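Peer 1: 3D model of this:
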Amino acid sequence: MAHRASDLYGSLVFAGDVMLKRLPPDVFMNLQRTIKNGSPLDPAIANTVAGAMKDWALEHGATHYCHWFQPLTGTTAEKHDAFLSTTSDGGAIEKFSGSQLIQGEPDASSFPHGGIRDTYEARGYTAWDATSPAFIYRSGDEATLCIPTAFVSYTGEALDKKIPLLRSIQAVSAQAMRILRIFGADVGTPSGVNQIIMTLGVEQEYFLVDAELASQRPDLMICGRTLIGAPAPKGQQLEDHYFGSIPQRVMAFMADVETRLFELGVPVKTRHNEVAPGQFEIAPTFENANVAVDHQMITMSVLRETAERHGFVCLMHEKPFAGVNGSGKHNNWSLSTDTGVNLLDPRDETHTNMQFLVFLCGIIRAIDLHADLLRASIASAANDHRLGANEAPPAIMSVFLGDMLTDILDQLESGNPKKTMKGGALEMGATTLPQIPKHTSDRNRTSPFAFTGNKFEFRAVGSTAPVAWPNTVLNTIIADSLDFMATQLEKRAGKNPSQAKLEIAVKALLKEVVKSHRRVCFDGDGYSKAWHDEAAKRGLPNFRSTVEALAAFGTKKASELFAKYGVLSKRELDARHEILIEQYVKILRIESRTLQSLVRTAMIPCAMRFQAELADAVGATQACGVECPGAEAQLREVVGLVEGLRKSIALVEKAEQAVQFKGDHTKEATHYRDVLLPAMTDVRNGCDSLEKIMPADLYPLPTYAELLFSTH
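Peer 2: Presented below is the predicted three-dimensional model:
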């Protein structure tokens with residue numbers, strides 16, 4: 001029987017009507033103040049909430065609960081405890097107290113901590129995040145109550161991705177409220193604006209590969225990407241997969257995913273084929289950012305688990321296959337008041353919407369001043385394979401505005417905006433087709449940070465990345481810029497200015513900001529060499545690798561910025577910098593060792609068999625007195641490729657093992673980037689050359705053609 005989304009949405013989520021029915025009215029209202037208004041959580045209600053949550057979970061078949069959190073591994077973590085507790089008479093009771101709901105205690109030294117904790121210092125805490133709803137996660141026949149939490153060290157320092165995100169949301173809210181107050185908004189009253197909500201919608205790209213084929217590829221199973229593999233005869237050249245008819249087997253998988261996500265309260269809306277064969281996308285509607293970040297982690301988990309049930313492996317690596325498009329996340333970010341007003345809605349007469357223009361120019365200023373931090377926020381070994389590769393934005397951070405807003409920037413720079421460009425209508429030349437409205441500008445898929453109507457789309461985020469971190473960085477740099485805008489307006493116009501005085505101050509400030517920072521705005525082809533040359537002339541940074549990009553987090557500018565807005569202390573930021581560069585090293589080391597094993601135990605032995613067969617054939621032919629120059633040439637080619645492969649894999653082994661930088665991960669990462677990666681590329685080229693001439697029965701791995709088209 002088919003289910004409607006309305007029947008399923010949130011049925012496994014402790015929120016909304018579920019809480020209203022199960023909690024006393026005063027407790028419900030108290031908890032709602034925390035969830036909706038950001039008010040401090042009242043500990044006095046914890047036992048009541050815990051009891052209701054436990055009863056609800058038991059009714060849905062849950063036997064255990066866990067504090068579900070996002071450590072600095074890039075994944076989620078959970079430790080399951082049963083609801084049953086023993087009694088003094090040897091019996092057992094179902095128990096879940098308020099203290100168990102509010103606080104847990106995982107081992108803080110066994111997760112990445114960047115030096116915040118020593119191995120012998122194990123204590124850490126998880127703390128209930130009441131603003132993100134608890135949910136029941138089913139895995140096979142088991143059901144577990146998952147309680148979203150923050151993870152903090154015994155020292156009080158953040159060891160996760162959630163705490164900095166929540167701090168950054170508060171920072172943006174505080175500075176945006178100052179701007180609203182200047183423009184005369186009703187701020188801080190029961191009926192007025194009490195907080196700014198960061199809204200988020202994250203599109204997720206992924207590949208599906210037949211599980212039986214994937215299991216025969218050690219590189220896919222260990223690294224998430226193919227380390228060798230010649231291009232398939234057909235890839236994405238015909239552009240026929242994008243938005244094409246969804247294969248029946250994939251459709252069944254997608255429907256299953258959506259049903260599970262609806263049950264978990266994740267508001268998925270869009271599904272379609274992506275550009276590369278075997279590549280697909282899922283996208284939700286907009287939500288409160290903190291909840292959207294949690295839902296994004298749930299979505300990735302559901303995609304992977306559901307794929308197994310349908311005989312697939314879900315690949316979320318940024319570049320699983322060479323030669324076809326990789327995968328990313330489009331991070332759609334906006335700001336709204338808690339009364340429902342989108343602060344990035346330009347409205348019809350945009351040139352008169354001074355409040356919007358202040359927010360817009362503040363964001364432009366933020367991207368220009370802190371492009372290095374924004375680039376660093378999406379840096380990873382995997383994303384290095386994708387950025388700027390004619391499928392994703394370049395590593396140069398720039399802002400796309402479109403024709404209408406660009407025209408208004410021109411007017412602002414002159415000091416007196418007078419008009420707003422109109423879109424008009426499209427005539428399609430067939431009377432049976434409707435006349436449709438035409439937007440005031442095209443879209444730009446090559447821009448890392450594009451304005452798309454009433455939001456910004458940060459397109460450079462990698463497909464495996466937890467979006468909490470890039471949004472934390474984005475929020476922090478924008479909070480800094482909104483702080484600047486508010487401070488300048490307060491100085492120039494006063495805190496309660498007249499309309500005329502405010503307009504003069506706003507226009508003067510916007511003119512200065514546009515002149516100083518519009519260099520970061522670019523609406524053209526971000527892939528072109530001309531833009532790279534132009535960006536260099538404008539002085540825009542271009543960090544091509546993760547090693548270069550992550551250096552931004554080690555600067556005094558960065559530590560002062562994050563500390564100023566209470567997002568991260570210097571020690572917390574340094575820890576993240578250390579962890580990210582160490583993860584880069586570890587990923588390349590794992591890939592290198594996987595490649596070594598693959599080549600030594602599979603490729604070279606199979607190539608040697610091919611070489612032996614050729615040698616036998618050449619010898620037998622010549623023994624009959626028949627010349628075979630073509631076969632002799634092929635034998636020499638194979639011998640050369642095999643010997644070259646032996647030499648190149650030895651260089652990979654040497655490059656990986658010869659690193660002795662005494663714990664300096666930055667030097668180690670630089671060595672891996674400059675020496676190990678090129679050596680691995682040489683090995684790949686040798687393997688791919690052999691694959692192209694080896695008999696199919698001797699090649700030891702499923703080919704690209706088999707993998708990419710295994711969903712049909």
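Peer 1: pLDDT weak spots in the stretch 351-500 of the chain?
Peer 2: The stretch 351-500 of the chain contains residues with pLDDT under 70 at 388-391, 424, 426, 431-433, 435-436, 438-442.
Peer 1: switch the cut-off to 80
Peer 2: Counting by pLDDT under 80, the stretch 351-500 of the chain contains low-confidence residues at 388-392, 423-444, 495-496.
Peer 1: in this protein, which strand has the most residues?
Peer 2: Criterion DSSP state E: the longest strand present in the chain is strand 196-210.
Peer 1: residues touching R123, list them.
Peer 2: Remark: with contacts taken as CB atoms under 8 Å, 6 or more residues apart in numbering, R123 is in contact with E105, A108, S153, Y154. Using the backbone N, CA and C atoms, a C-beta is placed for each residue, glycine as well.
Peer 1: what about 10 Å?
Peer 2: Shown in contact with R123 (CB atoms under 10 Å, 6 or more residues apart in numbering): E105, P106, D107, A108, S109, R117, S153, Y154, T155.
Peer 1: For beta bridges, what are the partners of it?
Peer 2: With DSSP bridges applied, R123 shows beta-bridge pairing to D107.
Peer 1: In stretch 297-304, which residues are buried?
Peer 2: Residues M297, I298, T299, M300, S301, V302, L303 are the ones in stretch 297-304 that count as buried (16 or more other CB atoms under 10 Å).
Peer 1: returning to what we had before: which one of the contacts of R123 is nearest D240?
Peer 2: Distance to D240 across the contacts of R123 (CB to CB) is lowest for P106, with 48.5 Å.
Peer 1: Now do the longest strand of the chain: distance to the chain's middle.
Peer 2: The chain centre lies 7 Å from the centre of strand 196-210; the measure is CA atoms, centre = their mean, to the nearest Å.
Peer 1: Tell me the helices and strands packed up against the strand or helix carrying L510.
Peer 2: In the assignment (DSSP states H and E), L510 maps to helix 499-517. Applying 3 or more CB pairs under 10 Å, 6 or more residues apart in numbering; DSSP states H and E, one finds that helix 499-517 makes contact with helix 162-182, helix 354-369, helix 403-414, helix 468-493.
Peer 1: Dump these to CSV, plus distance to R609 and mean neighbour count.
Peer 2: Shown next, in CSV, are those (distance: least, CB to CB, whole Å; neighbours: other CB atoms under 10 Å):
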stretch, distance to R609, mean neighbour count
helix 162-182, 53, 22
helix 354-369, 56, 23
helix 403-414, 62, 18
helix 468-493, 47, 22
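Peer 1: Of the ones you listed, which is nearest I228?
Peer 2: Of all these, helix 468-493 comes closest under CB to CB, at 30.9 Å.
Peer 1: What angle do helix 354-369 and the closest one make with each other?
Peer 2: Angle between the axes of helix 468-493 and helix 354-369 is 120 degrees (criterion: axes from the mean of the first three to the mean of the last three CA atoms, to 10 degrees).
Peer 1: Quick check: the gap between A185 and D294.
Peer 2: Separation of A185 from D294 (CB to CB, to the nearest Å): 30 Å.
Peer 1: And for P267?
Peer 2: Distance from P267 to D294, by CB to CB: 13 Å.
Peer 1: Quickly list what's touching both of the two.
Peer 2: E287.
Peer 1: between those two, which one's more packed in?
Peer 2: More crowded of P267 and D294, by other CB atoms under 10 Å: D294, with 28 against 17.
Peer 1: Figure out the helix or strand that the more buried one lives in.
Peer 2: helix 289-309.
Peer 1: all helices of the stretch 501-650 of the chain, in order?
Peer 2: Here the stretch 501-650 of the chain has its helices, by DSSP state H, counting those that start in this stretch, at 529-538, 546-550, 556-564, 570-598, 604-623, 629-657.
Peer 1: tell me the residue furthest from the middle of this protein?
Peer 2: Most distant residue from the mean C-alpha position of the chain: G625, 64.7 Å away (CA atoms, centre = their mean).
Peer 1: for that one, phi and psi?
Peer 2: Backbone dihedrals for G625, given as degrees, to the nearest 10, come out at phi 80, psi 20.
Peer 1: Distance of it relative to M404?
Peer 2: For G625, the distance to M404 - CB to CB - is 81 Å.
Peer 1: If we ignore the residues flanking it in sequence, what's nearest H80?
Peer 2: Nearest residue to H80, sequence neighbours excluded (CB to CB, 6 or more residues apart in numbering): H64, at 4.2 Å.
Peer 1: wait, isn't L387 in contact with A381?
Peer 2: No - with contact defined as CB atoms under 10 Å, L387 does not reach A381; the gap is 11.8 Å.
Peer 1: shared neighbours of these two, anything?
Peer 2: Contact criterion CB under 10 Å, 6+ apart; residues shared by L387 and A381: E318, G462, S545, T546.
Peer 1: List the buried residues for stretch 567-580?
Peer 2: The neighbour-count check on stretch 567-580 (16+ other CB under 10 Å) flags V567, L568, S569, E572, L573, D574, A575, R576, H577, E578, I579, L580 as buried.
Peer 1: hmm, back to that, deepest in the core, which of the helices of the stretch 501-650 of the chain is it.
Peer 2: Highest mean neighbour count among these (mean count of other CB atoms under 10 Å): helix 546-550, with a mean of 24.
Peer 1: Report the buried residues of the helix holding L510.
Peer 2: L502, A505, V506, K507, L509, L510, K511, E512, V513, V514, H517.
Peer 1: got the contact list for I116?
Peer 2: Contacts were defined as CB under 10 Å, 6+ apart; by that measure I116 touches 72, 108-109, 124, 153-155, 157-159, 569, 571-572, 574-576, 578-579.
Peer 1: ok so it is a strand residue?
Peer 2: No - going by DSSP: H, G, I helix; E, B strand; the rest coil, the assignment for I116 is coil, not a strand.
Peer 1: pLDDT score for it?
Peer 2: With respect to pLDDT, I116 scores 88.
Peer 1: Without its sequence neighbours, what residue ends up closest to C66?
Peer 2: E78 (4.0 Å).
Peer 1: what about the one you found, how many residues close to it?
Peer 2: Using other CB under 10 Å, E78 has 18 other residues around it.
Peer 1: cool, and D55?
Peer 2: 12.
Peer 1: now do K21
Peer 2: Residues lying near K21 (other CB under 10 Å) number 10.
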